[in-house]
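Enquirer: Quick one, structure for this:
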Amino acid sequence: MDYLSAGAAHGVNPRRIEAERIAPASYRGMIETHVEQGPGLWKAGEPVALVTAIHGRRQYRCRIGGTANHAGSTRMADRRDALAGAAQVITSLEALARELNREVDHTVMTVGRITVEPNAVNVIPGHVGLNFDFRSPSDAQLEHGDARLRTAVTEIAAHRGLDLELACIEKQPVVPLDRGVCEMLREAARRLDVRLPDAASGALHDTAILAPLVPSAMLFVASRDGISHNPAEFSRIEHIALAARIVVEALSA
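Expert: Residues are numbered from 1 along each chain as shown. So this is what the prediction gives:
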């Protein structure tokens, strides 16, 4: 299947991409409502919040190479264990994230994917692939953390005599949301006598994509224990209704 036929069954015509591109001048703004995907509002007893910025994100692909060999006959001193090196990388990144978070709150790192080769119980791992995610509300902290994590991973590989490939595969800067649309929502909350604290989003959301094109803002709704994309996700119906009231009031003004 080529790109011209992909999506055809759903009425997608790639030849109309340019003609159907969003025309920013046609829109006054965009408001997105979403569960917080974090426990902050729920723990604070706040039903809703105004999102004024979306954190920046960098994602990395890391490949660690050692030597696959028999687990029983290879002495510990003779090993180049890629998985042991990867484990040290993971714990090092976690420690680095905690340190960076003390400097800039809500700075986080996550190793979310790992592959091991040959992945056999009696074979020393020869190659490990890692993908990790680094987010912060500060572009400067992302730049600083990038240098720190590269140094940490490189030093671990060198100390263990392992091969290393490390690449940043995505850079998403911090996205400030539109002051005008944010103020519309604040004014709507005031008229409704609803407390609307400011918040920042660690997740990207559709707003991060549209904000460079259309003036955008977001409302968060409290989510129990911050669980999302999970059958246990839950927000109180009255909190969802409150967010909807704020949006309707803003649009009616």
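Enquirer: At the geometric centre of this protein, which residue do we find?
Expert: The geometric centre of the chain, computed from its C-alpha atoms, lies nearest to A203 (Cα atoms, centre = their mean), at 4.6 Å.
Enquirer: right, and the secondary structure at that residue would be what?
Expert: coil (DSSP: H, G, I helix; E, B strand; the rest coil).
Enquirer: how about it, what does it touch?
Expert: Residues counted as contacts of A203 (Cβ atoms under 8 Å, 6 or more residues apart in numbering) are Q37, I54. Every residue, glycine included, has its C-beta placed from N, CA and C.
Enquirer: if you set the cut-off to 7 Å instead, what comes out?
Expert: Contact analysis of A203 by Cβ atoms under 7 Å, 6 or more residues apart in numbering lists Q37.
Enquirer: Pull up the gap between it and P14, please.
Expert: Distance, A203 to P14, by Cβ to Cβ, to the nearest Å: 29 Å.
Enquirer: And for E143?
Expert: Going from E143 to P14 by Cβ to Cβ gives 36 Å.
Enquirer: now L192
Expert: For L192 relative to P14 (Cβ to Cβ), the value is 44 Å.
Enquirer: other SSEs contacting the host helix or strand of C168?
Expert: In the assignment (DSSP states H and E), C168 maps to strand 163-172. If you count contacts as 3 or more Cβ pairs under 7 Å, 6 or more residues apart in numbering; DSSP states H and E, strand 163-172 packs onto strand 56-65, helix 139-160.
Enquirer: What pairs with the following helix or strand past it, parallel or antiparallel?
Expert: Downstream of strand 163-172, the first helix or strand assigned by DSSP H and E is strand 175-176. With DSSP bridges as the test, strand 175-176 is paired with strand 48-54 (antiparallel).
Enquirer: How far off centre is the partner strand?
Expert: 15 Å (Cα atoms, centre = their mean, to the nearest Å).
Enquirer: Same check on stretch 65-82?
Expert: So, by Cα atoms, centre = their mean, the centroid of stretch 65-82 is 35 Å from its chain's centroid.
Enquirer: how long is that stretch from one end to the other?
Expert: For stretch 65-82, the separation between the terminal residues is 6 Å (Cα to Cα, to the nearest Å).
Enquirer: can you offset everything so residue one is 483?
Expert: Got it, the first residue is 483 from now on, which makes the last one we talked about stretch 547-564.
Enquirer: in it, what's buried?
Expert: Along stretch 547-564, these residues count as buried under the neighbour rule (16 or more other Cβ atoms under 10 Å): G547, G548, T549, A550, N551, T556, R561, R562, D563, A564.
Enquirer: again, but for stretch 496-507
Expert: Within stretch 496-507, no residue counts as buried by 16+ other Cβ under 10 Å.
Enquirer: starting at the chain centroid, how far to that stretch?
Expert: Here stretch 496-507 shows a centroid-to-chain-centroid distance of 27 Å under the convention Cα atoms, centre = their mean.
Enquirer: And stretch 593-605, by the same measure?
Expert: Centre-to-centre, stretch 593-605 and its host chain are 24 Å apart (Cα atoms, centre = their mean).
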